[in-house]
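K.L.:
Quick one: sequence plus predicted model below, questions after.
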Amino acid sequence: MSSCLFILDESLEPLISKNVKSVRNLTGILEFFKLNYKENGPPVFTVLEWHYVFIKRDSLWFMTAIHETDDRITNLMALTFYLDQLYLLLKTYFNRSSLDRNIVLDNVLLIIELIDESMDFGIVQLTDPSIIKDYIRVKVNSPITHLTSDDDSDTEEKHKGLSTYIPGKTDIVKLWKGQPAVTANEGKSNEQDNYDDDDDENFINSYIAKTTIMPVSWRTKGIYYAKNEFFLDVIEKVQYLMDFSTGRIRKNLIHGEIKCKCYLSGMPTLKVALNKLIKNDEQFISNSKFHQCVSINSLKREINNEEEENTYHGKEIEFIPPDGEFVLCKYELKRHVRDVPVIKLSNIEIKPKLKKYKIQIHVTIETHFKKQNSTSVLTIKIPLRMVFSQYKIDLTKQPRFKSDFGEVLFNISDDFLIWEVGSMKGGNGESKNNMVAEFFIFNQEEYDRLQEEMKTSMNPPPLREGPKLEEIYEQTHDNRDEHDKNGISQQLLTMKFEVPYSTCSGLKVEYLKIEENQVNYQSFPWVRYKTINDDEYAYLI
Amino acid sequence: MPPLDKRIKKFLQNSIRVAPRISDKGELGELRTGLVSQYPQTRKDAIKKTIQQMTLGKDVSSLFPDVLKNIATNDVEQKKLVYLYVMNYAETHPELCILVVNTFVTDAQDPNPLIRCMAIRTMSMIRVDKILEYIEIPLRKTLQDDNPYVRKTAVICVAKLFQLNKELCIELGVLEDLVSALDDSNPMVVANATAALTEISCMDPTAVSLIDLISSHFSQYLSVLNECTEWARITILTALTEYDAKDSIEAQNIVDRVTAHLQHVNPAVVLATIKVIIKNLNLIQPQANDIVIMKKLSSAMVSLMSTPPEMQYVALKNIRIILEKFPELLTKELRIFFIKFNDPLYVKLEKIEILVRLVDPSNLKQCSLLLSELKEYTMEFEPEFVSRSIIALSQLGIKYSEENFISKVLDILLELAENQEIYMDDCCVSMCNLLRNCPDNELMITNVCSLLNSWSDPEAVLQRDDAKCNYMWLMGQYPDKFPSMKSKVAAFVHNFSEEEPLTQMSILLTVVRLHNRLEGSLLQKILELATTDTHEIDVRDMAMMYWRCLSMPNADKLIEQICQSMPPKIENTLDKFSPEVLEKLLLELSTISSIYFKPISENKKQYSLRQKVVKGKHLDELKDLAKSEIAQNANEDVLLDFDNDDDDANNLMKGNGSSNLLEELDDLFNFGSGSTNENKEEEEEDTSLKDPMQNLKLNGSGSSNTGGEPTASSNTQDLLNLF
């Protein structure tokens, strides 16, 4: 399929170039890419006899070139997906939330090996990090400072998700490696040393050779954990877009994901029963996608179910899980347009009080989920550019904010308010929260009067306390381009929230069975639910 | 655990590192001392550094002999590195390669399967004759290896060898081994063998007959499909698309077997499955379960929309092709394709294409929903996106084709044209299209014309050729609605020679149509200009013809007839593929052609072996080097090549798009051709000359964007964007 592969930095200079099909003149191919690359252009274009396919991730470009003679056998979708998977693979390897130029340059050899292993002669072989990790164990060369800071944020993020029930997630990883728990960093180097000791003759263990050719190609044999745990997270992202002025709901969708973390020994078989499957929810069945480990046969029965409604088997998803983290299932559900959103904006009003030279912005939100739950994160972003362009706001007088709950922040450079509500109780609309922001409108008369007084009086101008907002405003808005003013994103009130222990769609795991016939150990399954916002959860005002 | 003393010894051996000595020979010298050091760890470090230099693009080929000394080692990591180096630089030292051959051959028999793999993999990548001469035994051995992992690597090596040296590959007869690998018990080997065969048949279709092989192994494919990795599944599914089912039962069987894969996480698997199903769906008699399959297809396509944008782009392009075949498929999923404000531009543009296509024209509620959505899009700030939305608005109006609805669309456009200057071109074209859909609605015509009339100098307001052309046409059509028509026409005539061909043509036609209302001198002037002052052969011919008509005895009557002819009502402004093209594209889903909507042409130039095995410094090599130099320094070369390609594109378009374009022909110059038909008796020689001319013209004007009157065929547009 592809003839060569590049990883490029921001200025399109090659960091990695891998000649997959030993073609000539790699530099020439790259030159043409540079000459013809367009910002915002589609991710596929053709110059002369070369097709270029690329994806941009973080600040890097992953690009591959295909010669036109290969047109017939090129699978574009597979190629783009491969590039994406390669990016994810590198990310897992480096244990980072994003990649940059330096980490790539520091690990050139490792990356080349990874590419080599994942793709042979343009034919993709495998991209599963947990398998490749067994094979390629070159030490990640990453500056310590970076690593620690990164690790911190990373684990912190994970802790947010998991802290409720795992005291230290890293412990588990360590147990697996047969190492006493230490800090993340030490653990890593220990692992490497340990490794060198173990392997006397061959550096590589050859699991990969066995695993990739097995029917269960995603799990190696002989995995052992002292404590056997399985975590299952149901995360639903709600996408919602409503035109507040007309009351029209433009989007109301749920993007669900079942994420798993598996720390189980041996070859366990898991059975997960979902209430949606039991109830034969047609929409769920037809709009869900499963990880390759889910046995097609168990799915098939489900599908048959749909057709012959009298047979009652196959209500559960049966699978042998891969080791570590994976996404078991993804599903898309449409909600009825009239279904209430999780967090509803019940009122937003811009009340100019021209007589008092004030303008007030009232915002009221209400919750629509189970009473016993509450949000763990709730942040509302209210755009102000409309207000600022309509009225002449006098920032010499401090704006005032008042809210029932949480605090309000004013971002002066990009003109918006952030209302951090934090935790808010659930309910059916009876739990409400208000916020009022008050700005002063420029008062010409008063200004003139004050100027006049200043001229006549001998007193120095009165002292002003607090930051001079108007000056900051001037500075930040000085060289702003006109064009971004019209952007629709300036009229969007967006929300960020997280509601633990509940799913918007009502999806529930009825039971989770872990069976391992050979070892027969005690295992701990954990199930959690969470509803969060999609990138697009917004009200157009 | 080995005994303690052994461990200590090993530890010491591995941990002694000698700091690189700074020598006056420079960096290369340093590396060289490192490479020949007596301490293994130091040598390894030096190799690593060498490779690092290599990947940065520095020439470290002079270290070749020194690096080679390190190939005989038990350390797999070091071996890998040396192999990597050898792969890169073997061609620079072909004569030294003989030294490595031995290692390769021994490594190919190593007890460790991974080393066997590595040896054969590297060996088959080296473009040096001497090495290839020795490849036979190791390759054969690994092809028959006990370990499937080695076999799956070896089958790909056959394809590599084929690329490097076709004759040798055929002579060795490894192709037969490859074919027999299709019967392997391991699914991965089967998949890789299929992939390798596909590569080979792509390089030289005569070497293997892929289709026959696929049909004979068809049942194997179905049985291994569920047992292999996601990537292997893609290969196998792709192979299945090549297979023609014998009858409807078999087709049904295939569809049943693959359907479950529509729910795979990997979008490439999903798309490949869709491809297989669509191919076989033709053969199955329409049945009740048709609806079930359609439902599954549609939810699979919807699931493709929750991927990263690059994949969405590919998916959208493919969905567009599929929609052409099954227009009803996604009707219920309209909302999924609504634009997210953080979508990248290329996804937004594709989504609009889809939106107008999938809306159900009989469903008023849905159409109004889309209308208000599109209206929102016109408020966005990316110009390209907004102008596409404007065109989409008119397409939607014409698709729904009901006067009240169209007048709503028109109101939006009018408002836009009044407020937003940069979108006047698109508004003008869109409004004219809408008027052509309902030519009898007085109110709409008045509204549009009064707005257009209010522009003081339209030839400066409008930028694009097609917009101007439309403007002129409208003026010619409804001259009464333009109070300041005379001055406007005069201004256009004044600028005649600066305009582009479509506008020139349109000016000519309008002046002829209105010659009674205009001053006679203007007519004279335009005819003169059009015959003498333009390079467009079609404009000139058209002018000639009119001139003759006018100089005939019954000129007035003739012109009258010309004036009365109306262009036909536009029914559809969405471009369609011709059936043949569509069928081809459906078989080529997910390939490059699905992006450009350009099926792979049959008489494609044969695969010229790009690879030449190096014996010494080759002349080709030097040529290539020179070429890359040129590419870097200047792109004159590029320009030249571009020209060639442009020609190709034009030729192609004539072939592919002609059915599409021919339809437009009638529309485009309808009043012109209407007149020619009427004049046929009197003007026989003239018309017979003219018709082919027009044909020609269309193909020509296709490339300058036919946007003119009706369809801006994005089929051709896409082709154009390509080059």
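P.N.:
That came through, no problem.

K.L.:
where are the low-confidence patches of the stretch 1-150 of chain A?
P.N.:
The stretch 1-150 of chain A contains residues with pLDDT under 70 at A:134-150.

K.L.:
Try it again at 50.
P.N.:
A:144-150 (pLDDT under 50).

K.L.:
Please identify which helix or strand holds residue 476.
P.N.:
Using chain A. Element membership of A:T476 [criterion: DSSP states H and E] is helix A:469-477.

K.L.:
you looked at the wrong chain, it should be chain B
P.N.:
With DSSP H and E as the criterion, B:G476 is inside helix B:465-477.

K.L.:
cool, B:L502 as well?
P.N.:
With DSSP H and E as the criterion, B:L502 is inside helix B:501-513.

K.L.:
three-state assignment of the residue of the stretch 51-200 of chain A found nearest chain B?
P.N.:
Going by C-beta to the nearest C-beta, chain B is nearest to A:A78 of the stretch 51-200 of chain A, at 3.8 Å. Any C-beta I mention is one placed from the backbone N, CA and C, and that applies to glycine too. Assigned by DSSP: H, G, I helix; E, B strand; the rest coil, the conformation of A:A78 is helix.

K.L.:
Isn't it up against B:A232?
P.N.:
No: A:A78 is beyond contact range of B:A232, at 11.3 Å (criterion: C-beta atoms under 8 Å).

K.L.:
before we move on, the earlier item: what's the helix holding A:T476 in contact with?
P.N.:
A:394-396, A:398-399, A:412-413 (C-beta atoms under 8 Å, 6 or more residues apart in numbering or on different chains).

K.L.:
Against chain B, which of these make the cut? List them.
P.N.:
Among the contacts of helix A:469-477, none lies close to chain B by the criterion of C-beta under 8 Å from any C-beta of the partner chain.

K.L.:
of the residues you listed, buried ones?
P.N.:
A:394-395, A:399, A:412 (16 or more other C-beta atoms under 10 Å in any protein chain shown).

K.L.:
and of the residues you listed, the nearest to A:I132?
P.N.:
A:I412 (48.0 Å; C-beta to C-beta).

K.L.:
can you tell me which residues contact that closest one?
P.N.:
A:395, A:469, A:472-473, A:476.

K.L.:
same deal with A:T92?
P.N.:
A:129, A:133.

K.L.:
which element is it on?
P.N.:
Counting by DSSP H and E, A:T92 is part of helix A:76-94.

K.L.:
can you pull the buried residues of that helix?
P.N.:
A:76-87, A:89-94.

K.L.:
can I get the CA coordinates of it in CSV?
P.N.:
Taking Å, rounded to 0.1, in the frame of the first residue of the first chain, the C-alpha atoms of helix A:76-94 are listed here in CSV:
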residue,chain,number,x,y,z
LEU,A,76,-7.2,4.9,2.2
MET,A,77,-9.3,4.3,5.3
ALA,A,78,-6.9,1.6,6.5
LEU,A,79,-4.0,4.0,5.9
THR,A,80,-5.4,6.9,7.7
PHE,A,81,-6.5,4.6,10.5
TYR,A,82,-3.0,3.1,10.6
LEU,A,83,-1.4,6.6,10.9
ASP,A,84,-3.8,7.3,13.8
GLN,A,85,-3.0,4.1,15.4
LEU,A,86,0.7,4.7,15.0
TYR,A,87,0.3,7.9,16.8
LEU,A,88,-1.6,6.2,19.6
LEU,A,89,1.0,3.6,19.8
LEU,A,90,3.8,6.1,20.2
LYS,A,91,1.8,7.9,22.8
THR,A,92,1.4,4.7,24.9
TYR,A,93,5.0,3.9,24.5
PHE,A,94,6.2,7.3,25.7
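
K.L.:
Can you name the next helix or strand after that helix?
P.N.:
Following helix A:76-94 in sequence, per DSSP H and E, is helix A:101-106.

K.L.:
Next, the buried residues of that following helix.
P.N.:
A:101, A:103-106.

K.L.:
quick one: it to chain centroid distance?
P.N.:
23 Å (C-alpha atoms, centre = their mean, to the nearest Å).

K.L.:
Which elements pack onto that helix?
P.N.:
Packed against helix A:101-106, as judged by 3 or more C-beta pairs under 8 Å, 6 or more residues apart in numbering or on different chains; DSSP states H and E, are the following elements: strand A:14-19.

K.L.:
Who are the packing partners of the helix or strand harbouring B:L529?
P.N.:
Using DSSP H and E, B:L529 sits in helix B:520-532. Packed against helix B:520-532 by the contact rule (3+ C-beta pairs under 8 Å, 6+ apart) you find helix B:485-494, helix B:501-513, helix B:537-551.

K.L.:
Next, the angle from the shortest one to helix B:501-513.
P.N.:
Helix B:485-494 runs at 140 degrees relative to helix B:501-513, counting by axes from the mean of the first three to the mean of the last three C-alpha atoms, to 10 degrees.

K.L.:
Mind listing residues that contact helix B:485-494?
P.N.:
Applying C-beta under 8 Å, 6+ apart, the contact partners of helix B:485-494 are B:453, B:457-459, B:468, B:472, B:475, B:479, B:482, B:499, B:503, B:507, B:510-511, B:514, B:517-519, B:522, B:525-526, B:529.

K.L.:
Buried among those? Make that a PyMOL selection.
P.N.:
Here is the PyMOL command that picks out the buried ones among those, judged by 16+ other C-beta under 10 Å:
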select buried, chain B and resi 453+458+459+468+472+475+479+482+499+503+507+510+511+514+518+522+525+526+529
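
K.L.:
Run through the chain and note the low-pLDDT ranges.
P.N.:
Unless you meant another one, I'm taking chain A. Across chain A, residues meeting the criterion (pLDDT under 50) sit at A:144-205, A:302-313, A:483.

K.L.:
if you could check chain B rather than the one you did, that'd help
P.N.:
Within chain B, the segments meeting pLDDT under 50 span B:603, B:605-619, B:634-723.

K.L.:
Could you tell me which residues of the stretch 51-200 of chain B lie near chain A?
P.N.:
So far as C-beta under 8 Å from any C-beta goes, the stretch 51-200 of chain B lies against chain A at B:51-52, B:55-57, B:74-77, B:80-81, B:84, B:112-114, B:117, B:121, B:125, B:127, B:147-150, B:152-153, B:156, B:159-160, B:163-164, B:186-189, B:192, B:195-196, B:198-199.

K.L.:
from those residues, which ones fall inside helices?
P.N.:
The helices, defined by DSSP state H, take in B:51-52, B:55, B:76-77, B:80-81, B:84, B:113-114, B:117, B:121, B:148-150, B:152-153, B:156, B:159-160, B:163-164, B:187-189, B:192, B:195-196, B:198-199 from those.

K.L.:
Drop anything exposed from these.
P.N.:
Buried subset of these (neighbour count, 16+ other C-beta under 10 Å): B:51, B:55, B:76-77, B:80-81, B:84, B:113-114, B:117, B:121, B:148-150, B:152-153, B:156, B:159-160, B:163-164, B:187-189, B:192, B:195-196, B:198-199.

K.L.:
who touches B:E384 in this structure?
P.N.:
B:E384 neighbours (C-beta under 8 Å, 6+ apart): B:345, B:349.

K.L.:
Swap in 10 Å and give it another go.
P.N.:
A:40, B:345-346, B:348-349 (C-beta atoms under 10 Å, 6 or more residues apart in numbering or on different chains).

K.L.:
Equivalent analysis for B:E324, please.
P.N.:
If a contact means C-beta under 10 Å, 6+ apart, then B:E324 has B:357, B:574-577, B:579, B:581-582, B:585-586, B:597 as its contacts.

K.L.:
Mind checking which of those are in helices?
P.N.:
Counting by DSSP H, these contribute B:357, B:579, B:581-582, B:585-586 to helices.

K.L.:
which of those residues come close to chain A?
P.N.:
Residues of the ones in helices among the contacts of B:E324 in contact with chain A (C-beta under 10 Å from any C-beta of the partner chain): none.
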